[in-house]
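Peer 1: Sequence first, then the predicted structure:
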Amino acid sequence: MTELKFEEALARLEEIVRSLEQGETGLDESLVLFEEGVKLARFCNNKLDQAEAKIEVMLDAGQIETFEVKD
Amino acid sequence: MLQPVSVSELTQQIKTALAGPEFQSVAVQGEVSNFLHHRSGHMYFSLKDSNSRIKAVMFRSRNQRLQFVPKNGDTLIAVGSVGIYEPNGEYQLYVDLLFPQGIGELHLAFEQLKEKLEREGLFAAERKRPLPVLPGRIGVVTSPSGAAIRDIIHVLTRRYPGVQVLIFPALVQGAGAPASLTGALAMAQNTDVDVIIIGRGGGSFEELSAFNDEGLVRAIAASAIPVVSACGHETDFTLADFAADLRAPTPSAAAELVVPLQEELFEHISSLQKRMVDSLRRRIQAERRYLVQLSQSPILQRPESYLNQLRQRLDELWTGLGRTQRHNLVLRRGKLESAVGKLETLSPLKTLGRGYAICQNERGEILRQADQTREGEVVHVTLQKGSLSCTVEGRRI
């Protein structure tokens, strides 16, 4: 699941919700979908929570340096 | 002696002579006369100066976007190509763009380049790509010292506290700006950024001219990564704006378009979670109701009453059979019983009951004659109840 992109996870989650709401799957399959949905939601939340802001600047030589914002 | 050619052949030769670049891309200034806006939507007129006159046509598809209505006596600059109208043998100017005399050289060049790139399809809506919902890393091509970069960082971090930004410094003004911007954009292509903002703070038409550079505009259109242009002008568009996947009026606006509001996404996901839980709960309730309904059905509630019903039905059916059919049934049952009786008299068990016995030799053969055995052999005698093992003492054959 680490390879998953945020929008892919979100799109799949939306699809699962739609399919559960339309009740087009059997109960067993619904439970499987639900479990997948819970995992996806957790994954999305984790992605959103991830990391602090990182502002970097690409130097001419191809080196990357942290960028200082001057007010 | 010259070989004569047909009029059509000569016309074709003239047409070929006019096909060169010096006649295919011209800008000409003159005074409008004989202006006619035909019902078909096409505009027909002449451009003249003190010595010469040229016929001109501007087709409807071209004149629809004209910002003004030309009239006789106006001095205008027409951009287009020279062609020949074969039926009349007249050459004329096919006008693509038309400007009032006062337009500056820079604007004229801008309009001409815009027309050219538009015709190539560089600005086509179907070329525009969607931006990622949540970009992992955002590339920003701009001056590292201007207000634009500060505005962008401010908005990005406010909307999305975990934002990852990689800045590609570039000159945004002056003679070196187009090459610098194009180089920075090219460098961004080799990084892991998911979207690129390219722009600068507001400025005059001349100050924004780097963003009208043909090379840069083509590089934006060719970018493998979606590009948002942000040239700091609410009303005027640069060619970079047309080529970008999305145009933002200002650098701040570009930052808003590029990252979602973190809280909104959190809310969206939690609402999806809630909907998922609700629908599963509803589903389970519905299944449970159905189960209750099933378990309350009469057959599961009181099975014996169901059986009684079946018995009653059988009785009714029996009564319902006609007397003859009933008689037949009784008769057949009688026949069946007598057949069973006969079968029983043949049964060896019945015979044994009358005192007879069955005698078998060691090979299990039933003995019917005395010579089937020999003296000293052990034979088995089956009685109605139990059996005997006997030794043959003598035989009478």
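Peer 2: Looks like it came in fine. Numbering: from 1, shown residues only, chains lettered A, B, ... in the order given.

Peer 1: Report pLDDT for the nearest residue to B:Gln164 once chain neighbours are set aside.
Peer 2: Leaving aside its sequence neighbours, B:Gln164 sits nearest to B:Arg137 (C-beta to C-beta, 6 or more residues apart in numbering or on different chains; 4.2 Å). In short, each C-beta sits where N, CA and C put it, glycine included. What the model reports for B:Arg137 is a pLDDT of 93.

Peer 1: now B:Arg137: how far from B:Ala148?
Peer 2: The gap separating B:Arg137 from B:Ala148 is 19 Å, by C-beta to C-beta, to the nearest Å.

Peer 1: give the contact list for the residue nearest to the spatial centre of chain B.
Peer 2: By C-alpha atoms, centre = their mean, chain B has its centre lying nearest to B:Pro130, at 13.3 Å. Applying C-beta atoms under 8 Å, 6 or more residues apart in numbering or on different chains to B:Pro130 gives the contacts B:226, B:245.

Peer 1: Please apply the same query to B:Ala148.
Peer 2: Applying C-beta under 8 Å, 6+ apart, one finds that B:Ala148 lies in contact with B:142, B:172, B:199-201, B:230, B:232, B:251.

Peer 1: now do A:Leu27
Peer 2: B:283-284, B:287.

Peer 1: Quick check: pLDDT value at it.
Peer 2: The pLDDT attached to A:Leu27 in the predicted structure is 83.

Peer 1: One more: B:Pro249?
Peer 2: Among the per-residue scores, B:Pro249 holds a pLDDT of 90.

Peer 1: With A:Glu15 instead?
Peer 2: 93.

Peer 1: and the gap between it and B:Ile284?
Peer 2: From A:Glu15 across to B:Ile284, the span is 21 Å (C-beta to C-beta).

Peer 1: again with B:Ser347
Peer 2: Going from B:Ser347 to B:Ile284 by C-beta to C-beta gives 65 Å.

Peer 1: same question, B:Leu131
Peer 2: Look at B:Leu131 and B:Ile284: by C-beta to C-beta, they are 39 Å apart.

Peer 1: So for those two, which residue has more residues nearby?
Peer 2: Ranked by neighbour count (other C-beta atoms under 10 Å in any protein chain shown), B:Leu131 and B:Ile284 place B:Leu131 first, with 17 against 13.

Peer 1: How is that one assigned, secondary-structure-wise?
Peer 2: Assigned with DSSP: H, G, I helix; E, B strand; the rest coil, B:Leu131 falls in the coil class.

Peer 1: OK, contacts around it?
Peer 2: B:Leu131 touches B:195, B:226, B:228, B:245-246, B:257-258, counting by C-beta under 8 Å, 6+ apart.

Peer 1: From the residues you listed, list the ones also adjacent to chain A.
Peer 2: Applying C-beta under 8 Å from any C-beta of the partner chain, the subset of the contacts of B:Leu131 adjacent to chain A is empty.

Peer 1: Flag the shaky bits of chain B, pLDDT-wise.
Peer 2: In the predicted model of chain B, residues B:1, B:234, B:322-324 satisfy pLDDT under 70.

Peer 1: please redo it, this time with the cut-off set to 80
Peer 2: Under the criterion of pLDDT under 80, the regions of chain B flagged as low confidence span B:1, B:67, B:102-108, B:232-236, B:298-303, B:306, B:318-327, B:341-354.

Peer 1: Apart from its chain neighbours, what residue comes closest to residue 37?
Peer 2: Going with chain A. The spatially closest residue to A:Gly37, leaving aside those adjacent along the chain, is A:Ile16, at 4.3 Å (C-beta to C-beta, 6+ apart).

Peer 1: That was the other one, I meant chain B.
Peer 2: Nearest residue to B:His37 in three dimensions, chain neighbours excluded: B:Met43, at 5.3 Å (C-beta to C-beta, 6+ apart).

Peer 1: Does that neighbour touch B:Lys55 like I think?
Peer 2: No. With contacts counted by C-beta atoms under 8 Å, B:Met43 stays clear of B:Lys55, the gap being 11.7 Å.

Peer 1: Now do the buried residues in stretch A:45-54.
Peer 2: Within stretch A:45-54, the residues that qualify as buried by neighbour count (16 or more other C-beta atoms under 10 Å in any protein chain shown) are A:47-48.

Peer 1: what's the longest helix in the chain?
Peer 2: Went with chain A since none was named. When secondary structure is assigned using DSSP state H, the longest helix within chain A turns out to be helix A:27-49.

Peer 1: Not quite, go with chain B.
Peer 2: Among all segments of chain B classified by DSSP H, the helix with the greatest residue count is helix B:262-295.

Peer 1: Direction included, what does the longest strand seen in chain A pair up with?
Peer 2: Longest strand in chain A by number of residues, with DSSP state E as the criterion: strand A:54-58. Looking at strand A:54-58 with DSSP bridges, its partner strands are strand A:64-66 (antiparallel), strand B:164-169 (parallel).

Peer 1: Centre of the chain to the helix or strand following the last one, how far?
Peer 2: Moving toward the C-terminus from strand B:164-169, the first helix or strand encountered (DSSP states H and E) is helix B:177-189. Chain-centre distance of helix B:177-189: 33 Å, with C-alpha atoms, centre = their mean, to the nearest Å.

Peer 1: again with stretch B:371-381
Peer 2: When C-alpha coordinates are averaged (C-alpha atoms, centre = their mean), stretch B:371-381 and its chain have centres 95 Å apart.

Peer 1: How about residues contacting it?
Peer 2: Surrounding stretch B:371-381, the residues in contact under the criterion C-beta under 8 Å, 6+ apart are B:357-362, B:365, B:367, B:387-395, B:397.

Peer 1: List the buried residues of it.
Peer 2: By neighbour count on 16+ other C-beta under 10 Å, the buried set for stretch B:371-381 is B:372-373, B:379-380.

Peer 1: Stretch B:263-275 now?
Peer 2: Residues B:265, B:268-269, B:272-273, B:275 are the ones in stretch B:263-275 that count as buried (16+ other C-beta under 10 Å).

Peer 1: and which of those is nearest to B:Val82?
Peer 2: Of all the buried residues of stretch B:263-275, the one sitting nearest B:Val82 is B:Leu265; the distance, using C-beta to C-beta, is 57.9 Å.

Peer 1: which intervals of chain A have sub-threshold pLDDT?
Peer 2: Across chain A, residues meeting the criterion (pLDDT under 80) sit at A:1-4, A:24, A:50-52, A:60-62, A:67-71.

Peer 1: Chain B contacts on that one?
Peer 2: Residues of chain A lying close to chain B by C-beta under 8 Å from any C-beta are A:6-7, A:10, A:13-14, A:16-17, A:20-21, A:23, A:27, A:30-31, A:34, A:37-38, A:41, A:44-45, A:47-58, A:62, A:64, A:67, A:69-71.
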